[in-house]
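Colleague: need coordinates for the following:
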Amino acid sequence: MNTRLLTLLAFVTALLLTSVPFFAHHGDAGRYEENTVVMTGTVVEVQLVDPHSIVVLDIPDAKGQVVRWQAELGGRNALAKNFGWTKNTLKFGDKVTITGRRVKSGAPYINLTEKANMVLTDSGKEIFRTPNYEPPAAGK
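Modeller: Numbering: from 1, shown residues only. Okay, the predicted model is just below:
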């Protein structure tokens, strides 16, 4: 009986330990709007880190008041490998135009990991684009 119990306990422990990586990454289901929006703002801060980098932007709202936004991208390593990003790609004061999905809560937070791109506004140079990038539908 002790051998069976120990075997069962070892099996359950091994199963739990090997399943932990499956729960390591969060899902975004339902967190962001489906439709994309386009916004233009000024870079305030860039955090090139893993697993998600953040670009902090000052973006004027409909009344002209500046709102501080956070834009979430993929991690530092993916940005470097796929787009050649370095610590000098974006600098304080750069103007960028981003396309992405706003968080449903209405907070000044936008996801740039799907259906997204980023363009240096002054030069028109695209510096980031997801494989499934979709420009917003006309009139939105």
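
Colleague: next one: phi and psi at the closest residue to Val49 other than its chain neighbours?
Modeller: Nearest residue to Val49, sequence neighbours excluded (CB to CB, 6 or more residues apart in numbering): Arg76, at 5.7 Å. Bear in mind the C-beta positions are built from the backbone N, C-alpha and C, glycine included. Phi and psi for Arg76, reported as degrees, to the nearest 10, are phi -50, psi -50.

Colleague: my read is that Arg76 contacts Pro51, right?
Modeller: No: look at Arg76 against Pro51 with CB atoms under 8 Å: they stay out of range, at 9.1 Å.

Colleague: more neighbours: the two, which one.
Modeller: Neighbour totals were compared for Arg76 and Pro51, and Arg76 leads with 18 against 12 (other CB atoms under 10 Å).

Colleague: pull the number of nearby residues for Val49.
Modeller: Neighbours of Val49 (other CB under 10 Å): 11.

Colleague: hmm, I was thinking of Leu73
Modeller: Leu73 has 25 nearby residues by other CB under 10 Å.

Colleague: my guess is it meets Thr130, correct?
Modeller: No: using CB under 8 Å, Leu73 makes no contact with Thr130, being 9.2 Å away.

Colleague: now the residue nearest to Val49: how far from Leu112?
Modeller: Arg76 is 14 Å from Leu112, where distance means CB to CB, to the nearest Å.
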